[in-house]
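> The sequence isn't on hand, but the structure is:
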């Protein structure tokens with residue numbers, strides 16, 4: 001479990017690691033290159049997507065919506081092109097309801113987090129080629 005002031009980058013190198021970042025950047029390739037499985041966890045605001053959504057992520061060069069915004073697909077595409085590495089990846093997206101300037105979660109989002117945390121170990125053993133544990137609610 002990471003404390004409020006930790007990113008997790010201080011202690012990486014185990015078989016399974018967790019890091020917390022506010023955004024993805026090309027420099028993360030150096031961090032993720034040794035891993036065979038990457039699970040991105042992020043928030044979404046889409047009403048037409050379930051409150052908890054899981055899907056595989058594949059390397060793909062995409063146009064950024066903002067100049068300082070990198071998607072997991074773009075990060076994986078750079079990793080594949082520059083480092084010749086293509087780890088299996090998934091994204092778990094949790095519905096966010098309150099994006100005011102504070103670090104705590106809204107009650108609605110907090111209620112979904114435990115279900116997402118329980119789902120992550122199921123993804124650890126899955127690949128893109130098989131029927132992976134699906135979670136769309």
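Noted; the coordinates are in hand. Since we're looking at a predicted model, the values are computed, not measured.

> Over to residue 95: give its phi and psi.
When read as degrees, to the nearest 10, the backbone of residue 95 gives phi -70, psi 120.

> What is the neighbour count of the spatially closest residue to it that is not a sequence neighbour?
Using C-beta to C-beta, 6 or more residues apart in numbering and skipping residues adjacent in sequence, the residue nearest residue 95 is residue 51, 4.0 Å away. For the C-beta atoms, the positions are set from N, CA and C on the backbone; glycine is no exception. Residues contacting residue 51 under the criterion other C-beta atoms under 10 Å number 19.

> ditto for the one 3 residues further on
The local packing count at residue 54 equals 23, with neighbours defined by other C-beta under 10 Å.

> Check which residues of the helix or strand containing it are buried.
Using DSSP states H and E, residue 54 sits within strand 52-57. Across strand 52-57, burial judged by 16 or more other C-beta atoms under 10 Å covers 52-54, 57.

> Out of the residues you listed, flag the one nearest to residue 119.
residue 54 (6.5 Å; C-beta to C-beta).

> my guess is that closest one meets residue 89, correct?
No: contact between residue 54 and residue 89 fails when scored by C-beta atoms under 8 Å: they sit 11.5 Å apart.
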